[in-house]
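after the sequence you'll find the predicted model.
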Amino acid sequence: MALKAGEGLQRWEIAVTKKLVGEFRRRSRSLAREEFDDLMQECLAHWIVVRRKLPPDPDAPPVAYMAQVIRNKLTDLIREQAADKRAGEQDALSLDAALDGSEDGMTLADLLADDESAQPDEAGAVDHHHARIDIGRALARLTPVQRQLCQMLGEEGLTIKEAAERLRIPRGTLYEEIKRIRKVFADQGLGDYLKE
């Protein structure tokens, strides 16, 4: 549903929202990743709910009040994204949850399965088993987007440009995510296994 003037919205309401969404997107990295139209629609939908509670006054539209409501909504969106990011860094990973976030992806239980691991008396078998556990731990510390990025660049063989286009994020941001992923793997003692 497109929100347009004349369909329950006044031109000034759309103008105020456009101005504030533009300002917030320039100042906030997390909002800059979001589509402008999506943010506009979310803010205007929120405003419509709030506006219904106001007594109508056609002679004095509540421009300043609306601006504050939209600012608060955008601030809440930034806080939600920051909280989601922190939660992703601290969430415990279920043994049955797919590491890449898909329904049929490899799970931590798969990595630890006895039937897939080699017997301890075979040469190098214990090291191979421990490496899989370490990789599983490193993957568990990644955010869902970082796991998806690993899958795209690894299993799917996408280029940085293709992954950036699919995730709809600038390549510079994608490179920053790769640095964070490398740090997680290095912190787990797996830095030697990363490609340069």
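Sure thing, it's come through.

packing partners of the longest helix seen in the chain?
For the chain, the helix that runs over the most residues, judged by DSSP state H, is helix 63-90. Counting contacts by 3 or more C-beta pairs under 8 Å, 6 or more residues apart in numbering; DSSP states H and E, helix 63-90 is packed against helix 11-27, helix 29-32, helix 36-51. All C-beta atoms are positioned from the backbone trio N, CA, C, and that covers glycine.

give me that answer again for 10 Å
Applying 3 or more C-beta pairs under 10 Å, 6 or more residues apart in numbering; DSSP states H and E, one finds that helix 63-90 contacts helix 11-27, helix 29-32, helix 36-51, helix 144-153.

relative orientation of the longest one and helix 36-51 in degrees?
Our comparison of helix 11-27 with helix 36-51, counting by axes from the mean of the first three to the mean of the last three C-alpha atoms, to 10 degrees, yields an angle of 130 degrees.

is residue 23 in contact with residue 75, as I believe?
No. Contact criterion C-beta atoms under 10 Å: residue 23 and residue 75 do not qualify, at 11.9 Å.

circling back: nearest to residue 59, out of the helices and strands packed on helix 63-90?
With C-beta to C-beta as the measure, helix 11-27 is the member of these nearest residue 59 (13.4 Å).

which residues touch that closest one?
With C-beta atoms under 10 Å, 6 or more residues apart in numbering as the test, helix 11-27 has contacts from 3-5, 9-10, 30-44, 46-48, 51, 61-64, 66-71, 73-75, 77-78.

now the longest helix of the chain against helix 11-27, angle please.
Going by the same axes, to 10 degrees, helix 63-90 makes 40 degrees with helix 11-27.
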